[in-house]
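1. Sequence plus predicted model, see below.
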Amino acid sequence: DGGITQSPKYLFRKEGQNVTLSCEQNLNHDAMYWYRQDPGQGLRLIYYSQIVNDFQKGDIAEGYSVSREKKESFPLTVTSAQKNPTAFYLCASSASYIEQFFGPGTRLTVL
Amino acid sequence: AQKVTQAQTEISVVEKEDVTLDCVYETRDTTYYLFWYKQPPSGELVFLIRRNSFDEQNEISGRYSWNFQKSTSSFNFTITASQVVDSAVYFCALIHTQGGSEKLVFGKGTKLTVNP
């Protein structure tokens, strides 16, 4: 089945640790996105990539990093510089001006 | 600046009632797209509808209908005869281009609770 997978579903991080969230799509979409969702805040864009080996910062990129070495993969690293990383993270992909398809999300908690 | 406002933070209705979720947007683009997404308790966002700025026809899909009015910059969503399974957070969103890229701007969402 075509779609977007995110892993893990739940992730726990100790303070000072870097963690990487996985996002894979088999929809052959060029564009991929990472969003952060906090209660009552809606979704905020962290990073996005329109093509392999290229990506741009979104509205809240500080403390995060990404890579886009393959079309189907867009991992997000939450670094120790992100002071408040506890949130729900959603990955999405899209073809141009078509709706973005979202993965099931990863819930990150800092211990 | 691009902005989407969903003024209703939470709505609670009794099953079989009709409910309208409001969405007001701001954009300087002449060409843009509007979306509605549903987020059930599981967390995954489910696409409901896309509307482009040149098509102001209202749309109906089963119990769902959408009213797009450019004159008031609104794109409201109505659920007729609501059901418990409609309980979710609903997001309105706008796509705009910035430097050739496409970015979705989301409203903060409206949490709908349908009580039996």
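-> Cool, the structure landed.
2. So which residues on chain B come close to chain A?
-> B:9, B:33, B:35, B:37, B:42-47, B:50, B:91, B:95, B:101-104, B:106-109 (CB under 8 Å from any CB of the partner chain). (C-beta placed from N, C-alpha, C; glycine too.)
3. In strands only, show me those.
-> B:33, B:35, B:37, B:46-47, B:50, B:91, B:95, B:101-104, B:106 (DSSP state E).
4. now what about stretch B:109-116, what contacts it?
-> With contacts defined as CB atoms under 8 Å, 6 or more residues apart in numbering or on different chains, stretch B:109-116 is touched by A:42, B:6, B:8-15, B:17, B:19, B:21-22, B:39, B:79, B:82-91.
5. Give the next helix or strand downstream of the one helix or strand in chain B whose mean pLDDT sits lowest.
-> Scoring the helices and strands of chain B by mean pLDDT, DSSP states H and E places strand B:101-106 at the bottom, with a mean of 80. Beyond strand B:101-106 on the C-terminal side, the first helix or strand identified by DSSP states H and E is strand B:110-115.
6. same question for that next one, mean pLDDT?
-> For strand B:110-115, the mean per-residue pLDDT is 97.
7. Just the buried positions in it, please.
-> B:110, B:112, B:114 (16 or more other CB atoms under 10 Å in any protein chain shown).
8. which one of those residues is nearest chain A?
-> Using CB to the nearest CB, residue B:110 comes nearest to chain A of the buried residues of strand B:110-115, at 10.3 Å.
9. can you tell me which of the contacts of stretch B:109-116 are in strands?
-> Reading strands off the contacts of stretch B:109-116 with DSSP E, I get A:42, B:10-14, B:19, B:21, B:39, B:79, B:88-91.
10. May I see the buried residues of stretch B:35-46?
-> B:35, B:36, B:37, B:38, B:39, B:43, B:44, B:45.
11. what bridges to the third one?
-> This means residue B:37. residue B:47, residue B:91 (DSSP bridges).
12. got a list of what the spatially most central residue of chain A touches?
-> The centroid of chain A falls nearest to residue A:34 when counting by CA atoms, centre = their mean (3.2 Å). Contact partners of residue A:34, counting by CB under 8 Å, 6+ apart, are A:21, A:23, A:45-48, A:58, A:64, A:66, A:74, A:76, A:89-92.
13. If we use 10 Å, what do you get?
-> A:6, A:21, A:23, A:44-49, A:55, A:58, A:60-61, A:64, A:66, A:74-76, A:89-92, A:103 (CB atoms under 10 Å, 6 or more residues apart in numbering or on different chains).
14. cool, and residue B:76?
-> Residue B:76 neighbours (CB under 10 Å, 6+ apart): B:20-24, B:36, B:58, B:65-69, B:92.
15. Would it be right to say that it lies in a helix?
-> No - according to DSSP: H, G, I helix; E, B strand; the rest coil, residue B:76 belongs to no helix; its state is strand.
16. what residue ranges in chain B are flagged as low confidence?
-> B:97-101 (pLDDT under 70).
17. Low-confidence stretches in chain A?
-> A:1-2, A:97.
18. Can you tell me which residues in it are near chain B?
-> With CB under 10 Å from any CB of the partner chain as the criterion, chain A comes near chain B at residues A:3-4, A:6, A:9, A:31, A:33, A:35, A:37, A:39-45, A:48-50, A:56, A:58-59, A:88, A:90, A:92, A:94, A:96-107.
19. Can you report how many residues neighbour the nearest residue to residue B:29 once chain neighbours are set aside?
-> Of all residues beyond its chain neighbours, the one nearest residue B:29 is residue B:96 (5.2 Å), with distances taken as CB to CB, 6 or more residues apart in numbering or on different chains. Neighbourhood size, residue B:96 [other CB atoms under 10 Å in any protein chain shown]: 18.
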